[in-house]
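J.: Sequence and predicted model, in that order:
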2 protein chains.
Amino acid sequence: MKHPAGPAILAIDPWAPGSPSGRHQLLGETERAQLAKIATVVRFEKGHKIYEAGEPADAAFNIVSGVVAAYWSQGGPEHIISFLHPGDLFGLSEEGRYANTTTRAATAVTAYRMPLRAITRLLERHPDLDVSLIIKLCEELREAQRHAALLAQKRASTRLAIFLSLQEHIQASDGQPAEISLPMDRASIAAYLGLTAAALSRAFRTLTSKRIISSRDLHHVTILDRDAFVKLVEQI
Amino acid sequence: MKHPAGPAILAIDPWAPGSPSGRHQLLGETERAQLAKIATVVRFEKGHKIYEAGEPADAAFNIVSGVVAAYWSQGGPEHIISFLHPGDLFGLSEEGRYANTTTRAATAVTAYRMPLRAITRLLERHPDLDVSLIIKLCEELREAQRHAALLAQKRASTRLAIFLSLQEHIQASDGQPAEISLPMDRASIAAYLGLTAAALSRAFRTLTSKRIISSRDLHHVTILDRDAFVKLVEQI
DNA sequence: CGAAGTTTTGATCAAATTCAAGAGTAGTGG
DNA sequence: CCACTACTCTTGAATTTGATCAAAACTTCG
């Protein structure tokens, strides 16, 4: 395992289309080192609020380990708009725009915390960085669109299958199919899928009883029947 | 009305938060003029495919009038991931990434067509342009997230109300509430809302019979009961 | 071990899907 | 200008699916 050399922004290289599902580092050694200087390591325990929509945003975060949930806040029942994983960056666009997400640790989280002003200065000095930013934004955009495609599905078990396949994709160490881990709790998954916890539970049961998946425990799922699974997912 | 001076990229300025719902021009006169030189005007009739996912992308488009629908293509029933309006840019990110959208004219469309290579060259020469690009991407991202929030709603009439309010926001000439126009057909709206045409029709009927909206014809809706309307929408 | 919190399961109810048939709207050509 | 056709939109009845509410099983953690 690599030694953590400072903040890491991971993304799929858009200019290497057939890449083997791996995300790679967008920042050069120099940038990482410079960011490391202005960053501090922070920890959040599960369920802890990281920041609320509308709060004055003075820092951005870069996840080292754990999963963060971004909530779509605006009254009503809380929906999760995205799960953020190690290598993701968040809290950045607040100064200008989308201040309508509240973030909360979905599991225990370790992250780098970087003051916005310092980042801004760095961006001014390294114009290449905004190419990285554009790449990252494109990736987030695609993710949001996939999420919308997921939510457009009507059958709960289909939504779950798509979610599992996204999870698998993110975790794909190197192609080989393995056990999928679901670090977040059921309520969070339900909030992401636009379902109630009850419906989600039944969806798990449906896929399990059809021998499409099997779960070792609440946080580990294996795909048994790849063909059936793919057939469910490919419908999007 | 301003004389069309070439391609226009319209967006909400992220650094002027409380802006009066108006979108403004991201390109300077110089850029517009330069883009105009490499652009040709093209027309598509309603329903015509503009490009298919996976096709070699050699040009980007900038809408002058009409509405384009971007489909999430990957087998299955076709879902519309976004409606593109005058001032929007599309077909740009294909060379690298999100090649999984097929676009189709939802109404008759007039657009500028710009070869990608020329745009790339222009971008290299005007580094300021990628700030505009970042702004535009952020806006698209927000749109995609709003769309996801919409789809997370369970009641069809709520989804419709949110859609209407988005439409109204886009058309807001200057604050004053007016008739909302829905240029696209019902099937397209249903595909965007993740509903069947039947469910959408019933949703219209529900809102109409509750005297929340009334429609002059298939393409023109007025909001009668603002309070009730806002109450529905604010739930997101 | 016990208590607080999650997750599953059960029964009822409401809402959207499906499929099919019936109004309504263009758009075309006589 | 009207009539005809093709199409889109609405409506209806039966079915499926998820929501809701509440209680029971299971985890976690002190």
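T.: Sure thing, it's come through.
J.: Please count neighbours and contacts with C-alpha atoms only from this point.
T.: OK.
J.: Poorly predicted segments of chain A, please.
T.: Across chain A, the ranges flagged by pLDDT under 70 are A:1-4, A:13-21, A:75-76, A:94-99, A:174-176, A:235-236.
J.: residues in it within reach of DNA strand C, list them.
T.: Contacts of chain A with DNA strand C, taken as CA under 7 Å from any atom of the strand, map to A:154, A:185-187, A:197-202, A:204-205, A:218.
J.: Of these, which qualify as buried by neighbour count?
T.: The neighbour-count test (16 or more other CA atoms under 10 Å in any protein chain shown) marks A:186, A:197, A:200-201, A:204 as buried among the residues of chain A next to DNA strand C.
J.: Kindly indicate which of the residues you listed lies nearest B:Gly87.
T.: Minimum distance to B:Gly87 across these is 40.5 Å, recorded for A:Leu200 (CA to CA).
J.: helix or strand for the closest residue in space to the closest one that isn't next to it in sequence, which one?
T.: The shortest distance from A:Leu200 to any non-neighbouring residue, by CA to CA, 6 or more residues apart in numbering or on different chains, is to A:Ala190 (6.0 Å). According to DSSP states H and E, A:Ala190 maps onto helix A:186-193.
J.: And that helix, what's buried?
T.: For helix A:186-193, a neighbour-count test (16+ other CA under 10 Å) marks A:186, A:188-193 as buried.
J.: Nearest the geometric middle of chain A, what residue?
T.: Centroid-nearest residue in chain A: A:Leu84, 2.8 Å away (criterion: CA atoms, centre = their mean).
J.: Test of understanding: give the bridge partners of the nearest residue to that residue once chain neighbours are set aside.
T.: Distance criterion CA to CA, 6+ apart; nearest residue to A:Leu84, sequence neighbours excluded, is A:Val68 at 5.0 Å. For A:Val68, the beta-bridge partners under DSSP bridges are A:Leu84, A:Ala105.
J.: In this model A:Thr103 seems to touch A:Val68, though I could be wrong.
T.: Yes: between A:Val68 and A:Thr103 there is a contact under CA atoms under 8 Å: 6.7 Å.
J.: chain center to stretch A:32-47: distance?
T.: Relative to its chain's centre, stretch A:32-47 lies at 17 Å (CA atoms, centre = their mean, to the nearest Å).
J.: Quick one: end-to-end distance for that stretch.
T.: Its first and final residues considered, stretch A:32-47 spans 29 Å by CA to CA, to the nearest Å.
J.: do it and DNA strand D meet?
T.: No: under the criterion of CA under 7 Å from any atom of the strand, DNA strand D is not reached by stretch A:32-47; the shortest gap measures 8.8 Å.
J.: Stretch A:143-155 too?
T.: Yes: using CA under 7 Å from any atom of the strand, a contact is recorded between stretch A:143-155 and DNA strand D, made by A:154-155.
J.: what's that stretch in contact with?
T.: A:81-82, A:159, A:162-163, A:193-194, A:236, B:72, B:79, B:81, B:141, B:144-145, B:147-148, B:151-152, B:193-195 (CA atoms under 8 Å, 6 or more residues apart in numbering or on different chains).
J.: what do you get for stretch A:159-171?
T.: So stretch A:159-171 is contacted by A:21, A:150-151, A:153, A:180-182, A:193, A:200, A:203-204, A:229, A:232-233 (CA under 8 Å, 6+ apart).
J.: which residues of chain A fall in helices?
T.: Remark: helices assigned in chain A by DSSP state H are A:29-38, A:116-125, A:129-151, A:156-171, A:186-193, A:197-209, A:226-234.
J.: Distance from stretch A:42-49 to the middle of the chain?
T.: 16 Å.
J.: Can you list the buried residues in it?
T.: Using 16+ other CA under 10 Å as the test for burial, stretch A:42-49 gives A:43-44, A:46, A:48.
J.: so of those, which ones are in strands?
T.: Among the buried residues of stretch A:42-49, the members found in strands (DSSP state E) are A:43-44.
J.: and which of the buried residues of stretch A:42-49 is nearest DNA strand C?
T.: A:Lys46 (9.4 Å; CA to the nearest atom of the strand).
J.: so that closest one sits right up against A:Ala108, yeah?
T.: Yes: if you go by CA under 8 Å, A:Lys46 and A:Ala108 touch, sitting 4.5 Å apart.
J.: any idea how far the residue nearest to A:Leu84 lies from chain B?
T.: 17 Å (CA to the nearest CA, to the nearest Å).
J.: ok, now A:Leu166?
T.: Per CA to the nearest CA, A:Leu166 is found 15 Å from chain B.
J.: Let me know the distance separating A:Ala11 from B:Thr101.
T.: Applying CA to CA, the value for A:Ala11 to B:Thr101 is 20 Å.
J.: Next, the buried residues of stretch A:111-121.
T.: Within stretch A:111-121, the residues scored as buried using 16+ other CA under 10 Å are A:111-116, A:118-119.
J.: per the record, what domains does chain A have?
T.: Chain A resolves into domains spanning A:10-143, A:153-234 when parsed by automatic domain parsing.
J.: would you list these in JSON lines and tack on distance to B:Asp58?
T.: Shown next, in JSON lines, are these (distance: least, CA to CA, whole Å):
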{"stretch": "domain A:10-143", "distance to B:Asp58": "15"}
{"stretch": "domain A:153-234", "distance to B:Asp58": "28"}
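J.: out of those, nearest to B:Ala5?
T.: Of the domains of chain A, nearest to B:Ala5 by CA to CA is domain A:10-143, at 27.4 Å.
J.: Could you work out the end-to-end span of the closest one for me?
T.: End-to-end span of domain A:10-143 (CA to CA): 14 Å.
J.: Could you report the neighbour count for A:Val67?
T.: 23 (other CA atoms under 10 Å in any protein chain shown).
J.: Near DNA strand D, which residues of chain A are found?
T.: Contact residues (CA under 7 Å from any atom of the strand) of chain A with DNA strand D: A:154-157, A:194-196, A:198-200, A:203, A:218.
J.: returning to what we had before: got JSON lines for the helices of chain A, with distance to B:Ala60 too?
T.: JSON lines is the format used below for the helices of chain A (distance: least, CA to CA, whole Å):
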{"stretch": "helix A:29-38", "distance to B:Ala60": "32"}
{"stretch": "helix A:116-125", "distance to B:Ala60": "28"}
{"stretch": "helix A:129-151", "distance to B:Ala60": "16"}
{"stretch": "helix A:156-171", "distance to B:Ala60": "29"}
{"stretch": "helix A:186-193", "distance to B:Ala60": "33"}
{"stretch": "helix A:197-209", "distance to B:Ala60": "41"}
{"stretch": "helix A:226-234", "distance to B:Ala60": "28"}
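J.: To B:His126, which of these lies closest?
T.: helix A:129-151 (13.9 Å).
J.: Please compute how far the closest one lies from its chain's middle.
T.: Remark: helix A:129-151 is offset 11 Å from the chain centroid, using CA atoms, centre = their mean.
J.: What are the buried residues along it?
T.: Residues of helix A:129-151 classed as buried: A:129, A:132-151 (neighbour count, 16+ other CA under 10 Å).
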